[in-house]
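> 3D model of this:
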Amino acid sequence: MKTSDFSYDLPEHLIAQHPLEDRSESRLLVLDGRTGAIRHDWFRRFPDLLEPGDCLVLNDTRVLPARLTGTREGSGGRVEFLLLRRLDQDRFDVLVRPGRRLKEGDRVAFLPGTPGEGGLSAQILERTATGGRIVRFEYSGIWETVLDRAGTIPLPPYIREPLADPERYQTVYARENGSAAAPTAGLHFTPEVLDRIRDRGIRTAFLTLHVGLGTFRPVQAESVDDHRMHEESFVLPADVADAVAETRRRHGRVVAVGTTTCRVLETMALPDGTVQPGAGTTRLFLRPGSRFQCVDALLTNFHLPRSTLLMLVSAFAGRDAVLGAYREAIAREYRFFSFGDAMFLSSRREPGHDAGT
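Numbers count the residues shown, from 1 in each chain. Model (predicted):
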């Protein structure tokens, strides 16, 4: 299958530049993966689409203030870091801009003073295969506190308007620091919506996948099968595995909030539709032809053309059905991408059974 099979034309004015005042007032396109039927609703009524006995699984990652702006020691030139991945206590994998001149041994200052005086600086250790850098930060105190002082929340490149409240790029249940981007399907939830879901007898469970910037990158390979998936770290707690197992026993549905949650569940899925607990990293690339063992329904946003996220959704509900739904969403002027509207998709299989190809 070609990457171009996942292209579509999107008018620029449909790219949402800011969140709605009320998170739950977004629109919701509902796609039945078995029949291809489409209907239009509002996210505030999402709880009504779930049934007692279902299990809603959410990603509780929290976006780091991962964008740092400093000056190169010696030249005084402006340098920007974007934290991608923490390797150990003080070493990080980062993107740098401008990166061409930064070599091993160079130093960048982000907060004035020495580490003992509240300063923050970094030394370039090595260049990565993707053009980034491995760096070691020097500071004193608690890293998260220092980062809060020095960094800002990175927004996706297609959002050009400043965000007045950085918490609007966090889910209301975000708690585990580590992401470079938000799990945006969760941005629609409010505490009131979550309360209504639980009041209806629907279980909620939380896992963690720290989202990397690779989620925004279009696939460059001509063939989908030639794409190398980016790596992201995750934790699937034992209570989530227990919740999925209980849902299977009760013949309920496992409903994933977001492609990030879906990838963790499918990474750890067993043939009977349950999951094993654990922690690690995943490069799972779900695209048409992939089998879904665990997830029965998926809440997600509208994704960029040629992206691995659009390929995942197409694998789940069928490429033709998904792209047809996208065309209808564009015609009805839905809002797209991170601050946009949502889709709710049911699988092409019966709950608890292997989807096949």
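
> from here on, just use CA atoms for contacts and neighbour counts.
Fine.

> ranges for the strands of the stretch 51-200 of the chain?
Using DSSP state E, counting those that start in this stretch, the strands of the stretch 51-200 of the chain run over 55-59, 61-63, 67-72, 78-86, 91-97, 107-111, 120-127, 133-138, 151-152, 176-179.

> partner strands of the helix or strand encompassing V255 and their direction?
Using DSSP states H and E, V255 falls within strand 254-257. Strand pairing for strand 254-257, using DSSP bridges, gives strand 55-59 (parallel), strand 297-301 (parallel).

> what helices or strands is the helix or strand following the last one leaning on?
Translated: strand 297-301. Next along the chain after strand 297-301, taking DSSP H and E as the criterion, comes helix 308-317. Where contact means 3 or more C-alpha pairs under 8 Å, 6 or more residues apart in numbering; DSSP states H and E, helix 308-317 is packed against helix 259-267, helix 319-331.

> minimum distance to L10: which of those has it?
helix 319-331 (7.1 Å; C-alpha to C-alpha).

> parallel or antiparallel, list what pairs with the next helix or strand after the closest one.
Toward the C-terminus, helix 319-331 is succeeded by strand 342-346 as the next helix or strand (DSSP H and E). When pairing is defined by DSSP bridges, strand 342-346 lines up against strand 27-32 (parallel), strand 297-301 (antiparallel).

> give me whichever of these is most buried.
Greatest average neighbour count among the strands paired with strand 342-346 goes to strand 297-301 (a mean of 26), per mean count of other C-alpha atoms under 10 Å.

> what sits up against that strand?
Strand 297-301 is contacted from outside by 184-185, 253-259, 262, 336-338, 340-347, using C-alpha atoms under 8 Å, 6 or more residues apart in numbering.

> from the helices and strands packed on helix 308-317, which stretch is densest packed?
Per stretch, and counting mean count of other C-alpha under 10 Å, the top mean among the helices and strands packed on helix 308-317 goes to helix 259-267, which has a mean of 25.

> alpha carbons only: can I get that one in PDB?
Output in PDB follows, covering the C-alpha atoms of helix 259-267 (Å, rounded to 0.1, in the frame of the first residue of the first chain):
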ATOM      1  CA  THR A 259      -4.300   6.200  19.100                       C
ATOM      2  CA  THR A 260      -1.700   6.300  21.900                       C
ATOM      3  CA  THR A 261      -3.900   4.300  24.200                       C
ATOM      4  CA  CYS A 262      -4.700   1.900  21.300                       C
ATOM      5  CA  ARG A 263      -1.100   1.300  20.500                       C
ATOM      6  CA  VAL A 264      -0.200   0.400  24.100                       C
ATOM      7  CA  LEU A 265      -3.200  -2.000  24.400                       C
ATOM      8  CA  GLU A 266      -2.400  -3.700  21.200                       C
ATOM      9  CA  THR A 267       1.400  -3.900  22.000                       C
END
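
> of the strands of the stretch 51-200 of the chain, which is nearest R196?
R196 lies closest to strand 55-59 among those, at 12.5 Å (C-alpha to C-alpha).

> picking up where we left off before, drop anything exposed from the contacts of strand 297-301.
Neighbour-count burial (16 or more other C-alpha atoms under 10 Å) is assigned, among the contacts of strand 297-301, to 184-185, 253-259, 262, 336-338, 340-347.

> for the residue most central in space within the chain, give its distance to L209.
With distances taken as C-alpha atoms, centre = their mean, P183 lies nearest the centre of the chain, 3.5 Å away. According to C-alpha to C-alpha, to the nearest Å, P183 and L209 sit 9 Å apart.

> and for those two, which residues touch both?
With C-alpha under 8 Å, 6+ apart as the test, P183 and L209 both reach N59, T61, T260.

> pLDDT and distance to Q220 for those - can I get that in JSON lines?
Listed next are those as JSON lines, based on pLDDT from 0 to 100; distance: C-alpha to C-alpha, whole Å:
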{"residue": "N59", "pLDDT": "98", "distance to Q220": "28"}
{"residue": "T61", "pLDDT": "98", "distance to Q220": "28"}
{"residue": "T260", "pLDDT": "97", "distance to Q220": "21"}
